[in-house]
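1. Based on what follows, work out the 3D shape:
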Amino acid sequence: MKFLSKLIHGGISEDPHTGAVSVPIYQVSTYRQVSPGVHKGYEYSRTGNPTRAALEALAADLEEGIAGFAFASGMAAISTVLMLFRAGDHLILSSDVYGGTYRVMEHVFTRLGLSYTAVDTSKLEEVKAAITPRTRAILIETPTNPLLRITDIAAVSRLAREHGLLSIVDNTFMTPYLQQPLKLGADLVVHSATKYLGGHSDLVAGLVVVSREEFKERIHFLQNSVGAILGPQDSWLLMRGIKTLGVRMERHEENAGKIAAFLQGHPKVKKVYYPGLSTHEGHEIMKRQARGFGAMLSFEVESAEAAQKLLSRVKLITLAESLGGVESLISLPAAMTHASIPLEKREALGISDRLVRLSVGIEDVEDLIEELAYALD
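-> Numbering: from 1, shown residues only. Now for the predicted structure:
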């Protein structure tokens, strides 16, 4: 089945009991058992729910894994993956990961005994140099948030296997429509499904897809034990959003390419970070490992004051956190999504108060460019 068809017919796409073409919302907490311990596949909705199960089967199909798991948020998904590790274990992270990932690692999991090293994972030599006898996994974002650095997923996955490490990829920016890390050798894929997969800024959700049976058992145990599950209402909304992922991503990316070209030629824009530009350092790797370049971009303006002025002048483009909705969203990462990262670390990474991040929506691109031109001028 081709991918566009799989978006609509993958996983459990209809209700097996009634033939309904949309899996119903099973708003239920518990299930009648035939006899003690004998049931019809479901016993308690924290452990399993038919609506959530349909979503999880769809997620596994789309990422070509053996099992998917749905969580209450992207951070719940990442946190559950981090619970695979023990006190004393060490992880390697992409240096400019989402601020929430940094926050939970730095302020929660380090207190529980994990340690980590943040490196520029687009440079394989830095990843190699960070491996220690206690290293157990490499967790990468590609493209990274917000500097759009590109990591070679296949190369990092090979390196991980050579050293007996897990390779974990946050695929939120690209979605399985554009990039499938498990096919490139990764062990686990994580999504903030709040973003492109949901696509309409109306839900908060996270997904994990695994490549091997051992991970399936361990993640399910943690999902059930910790209980940060996605409810049936949001599971249904997410499946509905996924049905249009392909057509949305095509429009998102088409708009992003035109806006990146416009910004690159604007005299008040000092630098554009977008992997679809041939001048981007990771452009060739992106062409090799993905079917497109996505719709996230960042750009630097002349000063912090210029950035603030720009953000105060946009109206059609919404000043807000998050990304991946049908509407265009603009933000200042240093003060918003990455504010939890200390100033000195932000500056060392290049996340300055002149850096603006743009999630390009599916509006008419001429309207978006007209508004950006007005705001910049």
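2. got a pLDDT number for E253?
-> As summarised for this prediction, E253 has a pLDDT of 98.
3. Check which helices and strands the helix or strand encompassing it sits against.
-> Secondary structure here is read from DSSP states H and E; on that basis E253 sits in helix 245-264. In terms of contacts (3 or more CB pairs under 8 Å, 6 or more residues apart in numbering; DSSP states H and E), helix 245-264 is packed against helix 3-9, helix 175-178, strand 269-273, strand 296-301, helix 365-376. C-beta here means a position set from N, CA and C on the backbone, and glycine is covered the same way.
4. ok, E254 - how many residues close by?
-> Using other CB atoms under 10 Å as the criterion, E254 is surrounded by 15 other residues.
5. cool, and V104?
-> By the measure other CB under 10 Å, the count of residues near V104 is 18.
6. And for S312?
-> Other residues within reach of S312 by the criterion other CB under 10 Å amount to 10.
7. Could you report the separation of it from Y31?
-> S312 sits 53 Å away from Y31, taking CB to CB, to the nearest Å as the criterion.
8. swap in A160?
-> 40 Å.
9. Neighbour count: these two, which is higher?
-> Neighbours were counted for A160 and for Y31 using other CB under 10 Å; A160 has more, 24 against 17.
10. what sits against that one?
-> With contact taken as CB atoms under 8 Å, 6 or more residues apart in numbering, A160 is in contact with 137-138, 166-167, 187.
11. Name the SS class of it, please.
-> When states are read from DSSP: H, G, I helix; E, B strand; the rest coil, the local structure at A160 comes out as helix.
12. All the helices of the stretch 201-350 of the chain, residue numbers only.
-> Ranges of helices within the stretch 201-350 of the chain are 213-226, 232-243, 245-264, 283-289, 304-313, 343-349, based on DSSP state H, counting those that start in this stretch.
13. Comparing those helices, which comes out most buried?
-> Per-stretch averages of neighbours, counted by mean count of other CB atoms under 10 Å, single out helix 232-243 among those, with a mean of 22.
14. other SSEs contacting that helix?
-> With contacts defined as 3+ CB pairs under 8 Å, 6+ apart, helix 232-243 has these neighbours: helix 3-9, helix 50-63.
15. Check which residues of the longest one are buried.
-> Meaning helix 50-63. Of the residues in helix 50-63, those with enough neighbours to count as buried (16 or more other CB atoms under 10 Å) are 50-63.
16. Farthest pair within the residues you listed?
-> Largest separation among these by CB to CB: P50 and E63, giving 21.0 Å.
17. Could you tell me how many residues sit around A375?
-> The tally of other residues near A375 (other CB under 10 Å) stands at 20.
18. how close does it sit to R346?
-> Computed as CB to CB, the A375 to R346 distance reads 23 Å.
19. returning to that earlier point: of all the helices and strands packed on helix 245-264, which lies closest to K128?
-> Nearest of the helices and strands packed on helix 245-264 to K128, taken as CB to CB: strand 269-273 at 25.1 Å.
20. what's the offset of the closest one from the middle of its chain?
-> Averaged C-alpha coordinates place strand 269-273 at 23 Å from its chain's average position (CA atoms, centre = their mean, to the nearest Å).
21. What of stretch 266-282?
-> In terms of CA atoms, centre = their mean, the centre of stretch 266-282 is set 22 Å apart from its chain centre.
22. Domain map for this protein?
-> 3-243, 246-376 (automatic domain parsing).
23. residue contacts, the residue lying closest to M249 once chain neighbours are set aside?
-> The shortest distance from M249 to any non-neighbouring residue, by CB to CB, 6 or more residues apart in numbering, is to Y177 (4.9 Å). The neighbourhood of Y177, defined by CB under 8 Å, 6+ apart, consists of 3, 7, 62, 245-246, 249, 291.
24. Could you do A154 as well?
-> Contact partners of A154, counting by CB under 8 Å, 6+ apart, are 184-185, 289.
25. ok, of those, which one's closest to N145?
-> Proximity to N145 was ranked across the contacts of A154 by CB to CB; first place goes to Q289, at 17.6 Å.
26. now the helix or strand of the chain with the lowest mean pLDDT, how far from the centre of its chain.
-> Scoring the helices and strands of the chain by mean pLDDT, DSSP states H and E places helix 343-349 at the bottom, with a mean of 77. The chain centroid and the centroid of helix 343-349 are separated by 23 Å, computed with CA atoms, centre = their mean.
27. Show residues contacting it.
-> Taking CB under 8 Å, 6+ apart as the criterion, the residues outside helix 343-349 that touch it are 95-96, 147, 334, 338, 341, 352.
28. looking at it, A334 is touching I351, isn't it?
-> Yes. The pair formed by A334 and I351 meets the contact definition of CB atoms under 8 Å, at 5.5 Å.
29. and the residue nearest to Y44 when sequence neighbours are not counted, how many residues sit next to it?
-> Nearest-residue entry for Y44: T30, 5.6 Å, with adjacent residues in sequence omitted and distances by CB to CB, 6+ apart. T30 has 11 neighbours, counted by other CB under 10 Å.
30. Name the residues of stretch 7-18 that are buried.
-> Of the residues in stretch 7-18, those buried under the neighbour-count criterion (16+ other CB under 10 Å) are 7-8, 10-13, 15.
31. try stretch 319-333
-> Going by neighbour count (16+ other CB under 10 Å), the buried part of stretch 319-333 is 322-326, 328-333.
32. can you check stretch 63-80 too?
-> Residues of stretch 63-80 classed as buried: 63, 65, 67-80 (neighbour count, 16+ other CB under 10 Å).
33. Stretch 198-215 too?
-> By neighbour count, with 16+ other CB under 10 Å as the criterion, the buried positions of stretch 198-215 are 198-199, 201, 203-211, 215.
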